[in-house]
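Novice: sharing a model prediction with you, sequence too.
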Amino acid sequence: MIAQSDTPTSDLSPLCVDLDGTLVKSDTLVDSLLLLARTHPALLFRVPAALLGGKAQFKAFVTSRVELDVAHLPYNRKLLHFLQQERARGRQLILATGADVHLAERVAGHLGIFSTVIGSRDSTNLTGHKKLAMLQQQLGTGRFGYIGNGVADLPLLSGASEAMLANPSPLLRGRLRSLHIAPSHVFEERANPLRALVAAFRPHQWAKNLLILLPPLLAHDHSVPVLTKALLAFVCFCCIASATYVLNDLLDLDADRRSTRKRMRPFASGDLAASAGLISAAVLLIFGFLGARTLPSAFLYWLAFYLFTTVAYSWFLKSVVIVDVLVLSGLYTLRLLAGGAATFTPISHWLAGFAIFLFLSLAIVKRFAELENVRLTGTPVKNGRGYLMTDIEQIRAFGTASAFAAIVVFANYISSQDVIKLYRNSQYLWLIVPFMILWVCRVWLLASRGELNEDPVAFALTDLPSLLMGLVVFVIVLLAI
């Protein structure tokens, strides 16, 4: 227990506040474990041994190895505002948590509203009845208010003079009703769980997986069995891709909370529990690979390679300069190869070359836009990608050169004998070239102005001029067939 010097005095009973799931919408132990996995993965092998020492010592082990950014934790703002008002009234506030006491001290130090901190230490895991006994010993039986969120808080809510809830679980609400305990305040601040889960899957990113359909479509193989296989492969890729998006968000939790744009993601904002993310990722992986088993084995290998590469990217490759954009562009090309494997459609060297250069340019423009936006706002580079502000002009050169290389490959492709065999009016395809030039130039121009604030693929799906150009290109292809 730590008493601060500016303890308020009031006739009001002290108010004790739980941390995990209550004051903070997430579980700080899980958050710390995910940060440990991201920054010190080798230490995960020591976790089983730490657990043998008991939960309190396990919490101390994790907390001593990583330092959560307490300034950017997803606090329950409604509850925090209420606590600040109570503090102004002179009420004594106590942070009483099962989290490690050192982490709790850092949270209390940041907020500056708690006069006392009680948390797990040594061999004592301060939850449930143990926490109640501690509070009764220090404050007296029934002489304190308590704010909690889960069933573990039931003994404290039952023994408090005033019970309050913050984002309570349905099970806790039911138990309180059965005990005829009516909370005086309920501080709800969370999004709809189902909506948050769907957002975590990033369905708008599934558009990238439409590349799987390109090999049979470009080969003009529109038979039902082939298209059925292609669509099943698309669904499998969407499942695996969403699983990797969830895992990436969980590993990037601490960094995302410091980002103006990413801090509202479901896990970073605390709207979705990390445990729900791990379970949903596992379910998606199972469904993805079960579906892939009905397709040719080569597709299954590409899918497994995609999973391995994206996990490696999330863990460490995205912080390696140049390698990160090569991996991103390679993952786009991999989708084409997977689509070809699923439908037994060979991939031409023209298509592979075009995809590599085009998607490399799109991957680079994303990094360029991040740096340009940072430069315009005057904030330091903190995205962990390894790029410096002095790299920005060289990155622009890499990206624009790659974009025009893709256009050159496309121009050579439409002049080849392969195209003449597939299209009756192949000369119309030359009309696509100026639209390609217009689109890549527009994307890079917007990025240079600091107006490209999202993934270029997501941008293309929401940008009206891009959609209109895509429609014109589609009409040209129909005329050429």
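Specialist: Great, that's in hand.

Novice: OK, contacts around the spatially closest residue to residue 87 that is not a sequence neighbour?
Specialist: The spatially closest residue to residue 87, leaving aside those adjacent along the chain, is residue 113, at 4.7 Å (CB to CB, 6 or more residues apart in numbering). C-beta coordinates here come from the backbone N, C-alpha and C atoms, glycine included. For residue 113, the contact set (CB atoms under 8 Å, 6 or more residues apart in numbering) comprises 83-84, 87, 93.

Novice: give me the phi and psi for residue 113.
Specialist: Here is the backbone geometry of residue 113 (degrees, to the nearest 10): phi -120, psi -10.

Novice: how close does it sit to residue 390?
Specialist: 43 Å (CB to CB, to the nearest Å).

Novice: likewise residue 350?
Specialist: From residue 350 to residue 390 the distance is 37 Å (CB to CB).

Novice: also residue 439?
Specialist: 29 Å.

Novice: neighbour count: these two, which is higher?
Specialist: Higher neighbour count among residue 439 and residue 390: residue 439, with 19 against 8, using other CB atoms under 10 Å.

Novice: pLDDT wise, what is the more buried one at?
Specialist: Predicted confidence (pLDDT) at residue 439: the value is 94.

Novice: residues touching the closest residue to it other than its chain neighbours, list them.
Specialist: Spatial nearest neighbour of residue 439, excluding adjacent residues (CB to CB, 6+ apart): residue 469 at 5.5 Å. Residue 469 makes contact with 435, 438-439, according to CB under 8 Å, 6+ apart.

Novice: ok, so of these, who is nearest residue 16?
Specialist: Nearest to residue 16 among those: residue 439, at 59.1 Å, using CB to CB.

Novice: what sits against the closest one?
Specialist: 460, 466, 469.

Novice: so the second one is in which element?
Specialist: In this assignment (DSSP states H and E), residue 466 forms part of helix 464-480.

Novice: buried stuff in that helix?
Specialist: 466, 469, 473, 476-477, 480 (16 or more other CB atoms under 10 Å).

Novice: quick one: these as CSV, columns for pLDDT too.
Specialist: Formatted as CSV, the buried residues of helix 464-480 follow (pLDDT from 0 to 100):
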residue, pLDDT
466, 91
469, 94
473, 92
476, 93
477, 90
480, 89
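
Novice: could you list the low-pLDDT ranges of the stretch 1-150 of the chain?
Specialist: 1-11 (pLDDT under 70).

Novice: so which residues of it form strands?
Specialist: 2-3, 15-17, 93-100, 116-120, 145-148 (DSSP state E, counting those that start in this stretch).

Novice: now do the helices in the stretch 251-400 of the chain.
Specialist: 253-256, 274-292, 297-315, 323-343, 349-377, 392-413 (DSSP state H, counting those that start in this stretch).

Novice: quick one, which of those helices gets closest to residue 158.
Specialist: helix 274-292 (25.8 Å).

Novice: any idea how far that closest one is from the middle of the chain?
Specialist: Put simply, helix 274-292 sits 15 Å off its chain's centre (CA atoms, centre = their mean, to the nearest Å).

Novice: for stretch 464-472, same thing?
Specialist: Worked out by CA atoms, centre = their mean, stretch 464-472 lies 29 Å from the chain centre.
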